[in-house]
Each structure stands twice: as structure tokens, then as C-alpha cells.
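Trainee: okay, here's the prediction I keep looking at, along with the sequence it came from:
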Amino acid sequence: MNKKILLIDPPWIISSDSNLWKKISSCYPSLGLSYIAAVLENEGHEVKYIDCTAQKLDLKGLIEVIKRYKREGYYPDYVGITATTALIHNAYIVADRFKKEFKDTKIVLGGTHPTILPKEAIKHADYVVIGEGEFTFRELAGGEDLKSIKGLVYRNKGKVIMNDLREQISDLNTLPIPAYHLLPMDKYRPPLGSYENLPAMIIVSSRNCNGRCTYCFHLGKRITFRSAENIIKEVKYLVDNYSIKEIQFYDDNFLLYKKNVLEFCKLLKKNKIKISWTCFSRIDAITRDGNVDMEYLKRLKASGLHLILFGVETADENVMRVINKRLNINDVKPTIDACRKVGISTRCSYMLGNQSDTIETCRKTIDFAITVDSDTAQFNIATPYPGTQFYDWAKRNNYLLKTKSWENFNVSDQVLKLPTISNREIKKLYIEAHKRYYIRLKIMVRRIMKIKTFTQLFQEIKGGFIVLFFGEQD
């Protein structure tokens, strides 16, 4: 029997005015939820989708939508809500309110935070989906015996039942294209300063990462990939149906599987698809022990790649060892220089306030960032997310601030107190890092020289004012 299913991406609300990403953040869909929607539709279920952030719905606005559904006689069989740690508080409010209005509707929570803390999440839901949710939700909606559904958590006579974990999806090509037709596609936007052309959309071509850093949660033990042909199919769909002009790959390390990436580049040309694109990557996908793969970079540039985002995190080798980053720091600058030589812009991300960080190591990182001189730099306050070794270490040593809630886990608010550096110093360095990096004649001239369109001009003006006055209200 086909079901009515409502999927909700809860509102992303940042209460802190000192959060830089509140000012320049992107708005993109939850691809995980979009994949689930497509799988459910393929099974014949009637699916609705609410993206609160894109549709500018705060909690009050979403509750009004819930009430309107009730007045109109729409009673979903299942409501699926996804949430990261920063969003989980809002997700719980939505789940509780929906259950109040629709007592017979089954509430399903999924996403990173419920996967890590299912016993917390099940207090607000009928079911919790752990890990990849496409097939678990499909089996749940299909009415299969609860005991047989892997990756499912539920209650039976007051007792929390945790079924066996579901194996990773080995072939991502078996998944349908995300249900873009259910999404408010005209509402999405990339981060300020990260794009060349609009409209833009994100794609994920792989799952998991080859790194084992202590600050990251690892859903699975191996990386799974989509074929270049499968990726092109989705790109072509987005171009043909939504006139998308830029793709931003949100894989942890898109450039890792070189053969597949180069095949993707070849197929772009063969299919005469003219788009710009960006991606995340590790330094060692380009450079190993000083050997830069210039030919790889040239072919990437020729296919439309204009920006690579690299995670560097720290310049101190002891901190790098503690967080298990496994990066040759001497490979960073040659990589950035090589990218600049072939015409690819770069952004490096850094963290302040990590395990073992001191005032000296943080300043070393800021100085290093300026020396490396990527086109843009992203400085975050290290955040110990649940499910990571970083979180376990902070909790074990009683470093977590009890005054903070899950919404403060957003790479800008401080949620722990380190024994090696005060929070006051970290915040001071956080503001200093952005100002020292961006208020430099060299970088301002370089960015002005790259302006080719009114869109880019607007980005630069807005970004400049944000950095100039960042921290003034504190």
C-alpha cells in the first residue's frame, strides 16, 4: 500500500551574531534527504518535501505550515526529518510538534546526529534511521517486519530496540537522481565568493573519506564512488531541466580517484556540457612529497574547474599529529602555487583551538596561511562533534562547556575550554585571522583583477564589508 510521506529539512538558525558564516553562508538542499525522496517515489509513495531554510521558514513558520496541512486534510503516514548536530534542537521541536498535531503519523529521524546518538533521538521519534537512509526508509514505508530492517531503531513495549547496522551501499550508481523536482530549486545559492556562474547546485559523487582525522565523523570504513557516466547523467539533468551553470562537488575528496575524475572531464567535453565547477580535495590528491601533478591540474582547468577547497587545518606538526591529519605541510604551498599557475583559484581551511593548540601554534597557523597565500582562506573554531575522537577526548577530560547546547556546535561558537589556551584568546585570534588575511593590499588587488562580471563584483564588495566589520560588535 502506497504511503503519504513528508520529508523535512529543518530551519538552520544561528543565534550568534559573531558567526561569520551566518553572513556568507550558502543555502543548498540536503542531498541525503533528496535521495530518500527519489527512492520512495520510485516505490510509488506520495512524497512532499519542505526545505525550511530555502523557503525561509523559521520554527514558527513551519508550525503554521503543519497546521495548514491539517486544515486541508493532508495527513502523512510518515514524517522524515534529517538533522546535523547544529540542527538537532530544531529537529526535535519539529518532531514533537508534528506528533502533537498528527498523533497517528509516524515520526522518523535520520541524519548525522541521530545516527551517532540514536538513544537520544528516539525520545522524539517513532523510528531512528542509522547511516545511509535510502533503503532503510524504503523498507519501513513498505511495511516490512521491523525486526528485519537493518539500520533501524524503534521502541517495543517501552524498550529501545537497535537492529543490526546496514551495510554501506556498495554501488552508488544504483541510486536514482535526487528528487530535484520536489525542491525549491530557485531558492538555493552557493557561499559568497565561491562561484563564477549562477544558478549553481551541489552534487555528491562519493561517500566517506580516505582520511582518519580525529575531528571528523566517519560513517563507513570505505569510500564508495559513482561512475563518471553516472555523474554526467545528473549534471546533464540539472543543465537541461534547471539551466544550472555551475556544479559544486561536496565530496570530502573529489579529486582522489583520478581515473574517474579525468573520465568525467572527458565526458563533459564529449557531451558539449559547458559549466564551471568547484570541489573539495586533500592536498595529497595533487601533490605527494613535493611532486605536483601539473598535467592533472591542467586537464581539470580545461574542463571548467575554477576553485579547489583544501583542508589544511593547522601548520603545527605536533597538533597535526595529535589530530591525525596525515598531511605533509611542505606540500601545501607548492600545490597552491601550481593551481595559481594553471588558473585555478584555491581556498584553504584552518582551525583554531584544536587539541594541543596554544597561542603560539594558532599564530603559527595564521602566519602559515598568509605565507601560503591561497586566494581565500577559511578560519574555523575547532568543534568537537559527537561521534568523533575529538568529542570523546573532550568529554572524557570534562572540557565541554555545560552552558552550550547542540546548536552551538557550528564551527564558530566555542563549546569547550582547552587547558592550553583560553577561549578569550581563541576568539581574539579568530577575528584577527580574518582581518590579517583579507585586509592586505596584495590579496585585494588580486581579487579585483579577477572580477569579470557584476555578480563577482557584488560578491567582492559584500565580502569586503563583512570582513572589515567582522568582530566589531563583540
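Mentor: Received, thanks.

Trainee: helices or strands next to the helix or strand harbouring residue 260 in the packing?
Mentor: Using DSSP states H and E, residue 260 sits in helix 258-270. Other helices and strands packing on helix 258-270, by 3 or more C-beta pairs under 8 Å, 6 or more residues apart in numbering; DSSP states H and E, are helix 228-242, helix 294-302. Where C-beta positions appear, they are placed from N, C-alpha and C, glycine not excepted.

Trainee: dump the ones you listed into a markdown table; add distance to residue 326 and mean pLDDT as well.
Mentor: Formatted as a markdown table, the helices and strands packed on helix 258-270 follow (distance: least, C-beta to C-beta, whole Å; pLDDT from 0 to 100):
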| stretch | distance to residue 326 | mean pLDDT |
| --- | --- | --- |
| helix 228-242 | 27 | 98 |
| helix 294-302 | 21 | 98 |
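
Trainee: of those, give the one that comes closest to residue 385.
Mentor: Between residue 385 and the helices and strands packed on helix 258-270, the tightest spacing by C-beta to C-beta is seen for helix 228-242, at 28.2 Å.

Trainee: residue 332: what's it in contact with?
Mentor: Contacts for residue 332 (C-beta atoms under 8 Å, 6 or more residues apart in numbering) come out as 283, 310, 312, 348, 368, 372.

Trainee: what's the answer for residue 224, then?
Mentor: Counting by C-beta under 8 Å, 6+ apart, residue 224 touches 168-172, 206-208.

Trainee: out of these, which end up buried?
Mentor: Buried members of the contacts of residue 224, counted by 16 or more other C-beta atoms under 10 Å: 168-169, 172, 206-208.

Trainee: among these, which are in strands?
Mentor: Residues of the buried ones among the contacts of residue 224 located in strands (DSSP state E): 206-207.

Trainee: out of the buried ones among the contacts of residue 224, who's nearest residue 91?
Mentor: residue 207 (21.7 Å).

Trainee: need the nearest residue in space to the closest one, chain neighbours excluded.
Mentor: residue 224 (5.1 Å; C-beta to C-beta, 6 or more residues apart in numbering).

Trainee: in the stretch 201-350 of the chain, what spans have low per-residue confidence?
Mentor: Counting by pLDDT under 70, the stretch 201-350 of the chain shows no low-confidence range.

Trainee: ok, back up a step: how about the helix holding residue 260 as CSV, C-alpha atoms only?
Mentor: C-alpha atoms of helix 258-270 as CSV (Å, rounded to 0.1, in the frame of the first residue of the first chain):
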residue,chain,number,x,y,z
LYS,A,258,41.9,10.4,-10.7
LYS,A,259,40.8,7.9,-13.4
ASN,A,260,37.2,8.6,-12.7
VAL,A,261,37.7,12.4,-12.5
LEU,A,262,39.5,12.5,-15.8
GLU,A,263,36.8,10.4,-17.4
PHE,A,264,34.3,12.9,-16.0
CYS,A,265,36.3,15.8,-17.6
LYS,A,266,36.4,13.8,-20.9
LEU,A,267,32.6,13.3,-20.9
LEU,A,268,31.9,16.9,-20.2
LYS,A,269,33.7,17.8,-23.5
LYS,A,270,32.1,14.8,-25.4
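
Trainee: distance between the ends of stretch 159-174?
Mentor: The straight-line separation of the ends of stretch 159-174 (C-alpha to C-alpha, to the nearest Å) is 35 Å.

Trainee: how about residues contacting it?
Mentor: By C-beta under 8 Å, 6+ apart, stretch 159-174 touches 118-119, 122, 130-132, 134-136, 146-147, 149-155, 175, 205-208, 219-220, 222, 224-227, 230.

Trainee: let's see 7 Å
Mentor: Here stretch 159-174 makes contact (C-beta atoms under 7 Å, 6 or more residues apart in numbering) with 118-119, 122, 130-132, 135-136, 149-155, 207, 220, 222, 224-227, 230.
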